[in-house]
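>>> What follows is a protein structure lacking sequence information:
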């Protein structure tokens, strides 16, 4: 069928200029012809506006003056109702009134509703789009987002922050103590006071440390293993796992026993006295925290190794009868149960007090003759080996008698030269 012509209006009571045109279904002009103007050539938009104010758009809001007149809006104000939405956007996009800042009368400006994804044409002040407990109107009053229940991501929704706790819904840590508001509230702390250094459960961990480790600041033993969180953390254990029966240092004491004794679960010999903690606490009854339990200046480990009593002051004792006390034997490194520790024929006291020889070396001057034999036969067990005669170098051989001072081994003395030393 042939298209209806643009000005085929003879059957109509009035003429709609443009209505029925093959390329445009709507028209802005309606009514009886009042005036006809014929120009020599087609006019552009600006030119038409110059000859007909109806077509002009003084406020550049996208609505021509004729449309503004029809709507009752201000042709010289792009946002007649000052609601933040341009007149054209209100009419053609959002369906709101360009004459009313709050089209639906719900006390929420059209622009705010549009910006926050609400229907500006529907009264929904009591709605709660994000289900956070704050009605849309409350979100407007508090400046929160009606589409986001927890904009700061601190674990507290907007209603909890503004209505219950008085915290800032836009700051995850209102008091700036490094602890998120939600975590503080969830653990019975104050999100409005800097309590990062507090320790309400008195377990030795601050609130900041508790959060970092995932422990409960209100429970001294988060994992219920009878070991305080702070003690576990301080000794390299896991305060979130029951490790009371563990024994990381392999000393025979479980972690729970180490805690009871006050010992270090990562050090088998806490007091470094030569006895492991289990031996001290369970077997010997000595103090695993004191290297010298009986206070006699003899370490527990040395006393036990030498067959002495670590729980009695026996520093003045002399079980081997060499006239050196146990305290002196310890200082010299000699055996308190052997009067002649180096078996050179001289007892330990004589070596130390009389001859000045070593009670730990049978031949102090390394001349091949035992100290005792030299002393018994009138020789000097501390001879200088020839220094007084101008000796400048010497060496000792593996041959005990020192009879073959050659530079290479022999069938009877195969060892290499040793202890070669320059003297002088």
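All right, it came through fine. Keep in mind the model is a prediction, meaning the values are calculated, not measured. Numbers count the residues shown, from 1 in each chain.
>>> C-alpha from now on. contacts and neighbour counts both.
Will do.
>>> Am I right that residue 126 sits in a helix?
No: the assignment for residue 126 (DSSP: H, G, I helix; E, B strand; the rest coil) gives coil, which keeps it out of a helix.
>>> so it touches residue 137, yeah?
Yes: when contacts are counted by CA atoms under 8 Å, residue 126 is listed as touching residue 137 (6.6 Å).
>>> just so I have it, where are all the strands in the stretch 301-424 of the chain?
Counting by DSSP state E, counting those that start in this stretch, the stretch 301-424 of the chain has these strands, from start to end: 393-396, 418-422.
>>> Return the per-residue confidence for residue 360.
Looking at residue 360, its pLDDT is 96.
>>> what about it, how many neighbours?
18 (other CA atoms under 10 Å).
>>> now swap in the one 3 residues further on and tell me
When counting by other CA under 10 Å, one arrives at 21 neighbours for residue 363.
>>> element containing the closest residue to residue 204 other than its chain neighbours, please.
Among residues not flanking residue 204 along the chain, residue 230 sits closest, at 4.6 Å (CA to CA, 6 or more residues apart in numbering). According to DSSP states H and E, residue 230 maps onto helix 229-234.
>>> Show me the contact partners of that helix.
If you take CA atoms under 8 Å, 6 or more residues apart in numbering as the criterion, helix 229-234 is touched by 203-205, 215, 220-222, 238-239, 259.
>>> I'd like the average pLDDT over that helix.
The model assigns helix 229-234 a mean pLDDT of 97.
>>> what's the answer for stretch 342-351, then?
The pLDDT scores in stretch 342-351 average 96.
>>> What are the buried residues along that stretch?
342-351 (16 or more other CA atoms under 10 Å).
>>> And for stretch 296-306?
Result for stretch 296-306 [16+ other CA under 10 Å]: buried residues 296, 298-304.
>>> Show me where the stretch 151-300 of the chain has its helices.
Under the criterion DSSP state H, counting those that start in this stretch, helices of the stretch 151-300 of the chain are mapped to 158-159, 181-186, 207-213, 229-234, 255-261, 277-278, 300-305.
>>> Stretch 307-315: how far from the chain's middle?
Distance of stretch 307-315 from the chain centroid (CA atoms, centre = their mean, to the nearest Å) equals 49 Å.
>>> Now it: average pLDDT?
pLDDT averaged over stretch 307-315 gives 96.
>>> Can you give the contact residues for that stretch?
Counting by CA under 8 Å, 6+ apart, 286, 292-300, 303-304, 325-327 sit against stretch 307-315.
>>> if you set the cut-off to 10 Å instead, what comes out?
284-287, 291-304, 317, 319, 325-330, 336-337 (CA atoms under 10 Å, 6 or more residues apart in numbering).
>>> Would you mind stating the distance between residue 273 and residue 99?
To residue 99, residue 273 is 92 Å away according to CA to CA, to the nearest Å.
>>> Pick out whichever of residue 126 and residue 137 has more residues nearby.
residue 137 (19 against 12).
>>> thinking again about what came up before, mind putting the helices of the stretch 151-300 of the chain in JSON lines, distance to residue 80 included?
Formatted as JSON lines, the helices of the stretch 151-300 of the chain follow (distance: least, CA to CA, whole Å):
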{"stretch": "helix 158-159", "distance to residue 80": "34"}
{"stretch": "helix 181-186", "distance to residue 80": "43"}
{"stretch": "helix 207-213", "distance to residue 80": "54"}
{"stretch": "helix 229-234", "distance to residue 80": "66"}
{"stretch": "helix 255-261", "distance to residue 80": "77"}
{"stretch": "helix 277-278", "distance to residue 80": "87"}
{"stretch": "helix 300-305", "distance to residue 80": "96"}
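>>> Most tightly packed of these?
helix 277-278 (a mean of 27; mean count of other CA atoms under 10 Å).
>>> Which strands and helices lie in contact with it?
Judged by 3 or more CA pairs under 10 Å, 6 or more residues apart in numbering; DSSP states H and E, the packing partners of helix 277-278 are helix 255-261.
>>> Give me the contact list for the helix it packs on.
Taking CA under 10 Å, 6+ apart as the rule, helix 255-261 contacts 225-228, 231-232, 235, 237, 243-249, 251-254, 262-266, 268, 270, 277-278, 281, 287-289.
>>> quick revisit: residue 273 and residue 99: which is more packed in?
Remark: of residue 273 and residue 99, residue 273 carries more neighbours, 21 against 18, as counted by other CA under 10 Å.
>>> Thank you kindly, that will do.
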